[in-house]
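*Asks:* everything below, folded, please.
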Amino acid sequence: MPNERPAQPTGDPLHAFFRNALLIGGEATRLYLIRHAQSEGNTGEDLTTGDPDLTDVGRMQAGRLGKRMKDARLDALYASPLRRTQETAFAIADATGLEVVPKAALREVTLGQADSDISRLPIAEQRKIERKILADGTWDAFPGSEGSSASRKRIQGVLDEIIATHPGQRVAAVVHAAFIQTYISMILGLDRDFIYYPFNASICSVRAHEDRRVIWRLNDVSHLSDMPAGWDGIS
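*Replies:* Numbering: from 1, shown residues only. Next up is the predicted model:
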């Protein structure tokens, strides 16, 4: 009939748009960035070696992570080569049956004097650094650090490599706080390198497909909900 309207497409077109924009389903790689469990460096017990072990609380956290990630049906497991990340990753490996693949480029952002003892600097110099950190919010504010540009290049490079190796799969990488902070800022298109505090043993998940990256969760610690008080090191 001449006055008949053309058939309308079935389904909600807005829903379809969000599926594409937010990488819901499809061929996206699920990337889980996991901060290592609590280490002796986080509690002030080991601030000198640069490679501390986990605390007893940290080992409990790592065990919880293992149980949590077993349900994620991971295809691969990577980790920074440091002891705190390796010990956390092996707890996940024990639960999932996966091999831990170490990658040097997953290491933490180096912060120069802040990695040793910035309190040894004169008070005036400490205050100057503090003002620059608050104003700029980048790793360049830390004297002798790896720097914002270099760390961003390294972090994007190693994660792009992992994503390309596991298209459409589920991959976990056990890394460090500043590493995660930097990557999230990059995805959000921010100049600041740190905008939130990743808790020990927290999970951040990102979906990746081609050149697109979508954040799915930040600071997920639901697996630690009944841990003893003080597990986060700040409460």
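*Asks:* which residues of the chain fall in strands?
*Replies:* 29-35, 76-79, 100-102, 170-175, 203-209, 212-220 (DSSP state E).
*Asks:* neighbouring strands for the fifth one, and are they parallel or not?
*Replies:* As defined by DSSP bridges, the strand partners of strand 203-209 come to strand 29-35 (antiparallel), strand 212-220 (antiparallel).
*Asks:* now do the contacts for the closest residue to residue 98 other than its chain neighbours.
*Replies:* Closest residue to residue 98 apart from its sequence neighbours, by Cβ to Cβ, 6 or more residues apart in numbering: residue 77 at 4.3 Å. In this view, the C-beta of every residue, glycine as well, is placed from N, C-alpha and C. Applying Cβ atoms under 8 Å, 6 or more residues apart in numbering to residue 77 gives the contacts 89, 92-93, 96, 98-101, 171-174.
*Asks:* can you put those in JSON lines and add neighbour count, pLDDT and distance to residue 218?
*Replies:* Listed next are the contacts of residue 77 as JSON lines, based on neighbours: other Cβ atoms under 10 Å; pLDDT from 0 to 100; distance: Cβ to Cβ, whole Å:
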{"residue": "89", "neighbour count": "30", "pLDDT": "98", "distance to residue 218": "20"}
{"residue": "92", "neighbour count": "26", "pLDDT": "98", "distance to residue 218": "19"}
{"residue": "93", "neighbour count": "21", "pLDDT": "98", "distance to residue 218": "24"}
{"residue": "96", "neighbour count": "20", "pLDDT": "97", "distance to residue 218": "23"}
{"residue": "98", "neighbour count": "19", "pLDDT": "98", "distance to residue 218": "24"}
{"residue": "99", "neighbour count": "10", "pLDDT": "98", "distance to residue 218": "28"}
{"residue": "100", "neighbour count": "20", "pLDDT": "98", "distance to residue 218": "24"}
{"residue": "101", "neighbour count": "16", "pLDDT": "98", "distance to residue 218": "24"}
{"residue": "171", "neighbour count": "23", "pLDDT": "98", "distance to residue 218": "18"}
{"residue": "172", "neighbour count": "28", "pLDDT": "98", "distance to residue 218": "16"}
{"residue": "173", "neighbour count": "24", "pLDDT": "98", "distance to residue 218": "15"}
{"residue": "174", "neighbour count": "32", "pLDDT": "98", "distance to residue 218": "17"}
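*Asks:* tell me the one of those residues nearest residue 37?
*Replies:* residue 174 (9.0 Å; Cβ to Cβ).
*Asks:* quick one, what contacts the closest one?
*Replies:* Contact analysis of residue 174 by Cβ under 8 Å, 6+ apart lists 34-36, 77-80, 85-86, 88-89, 92, 106.
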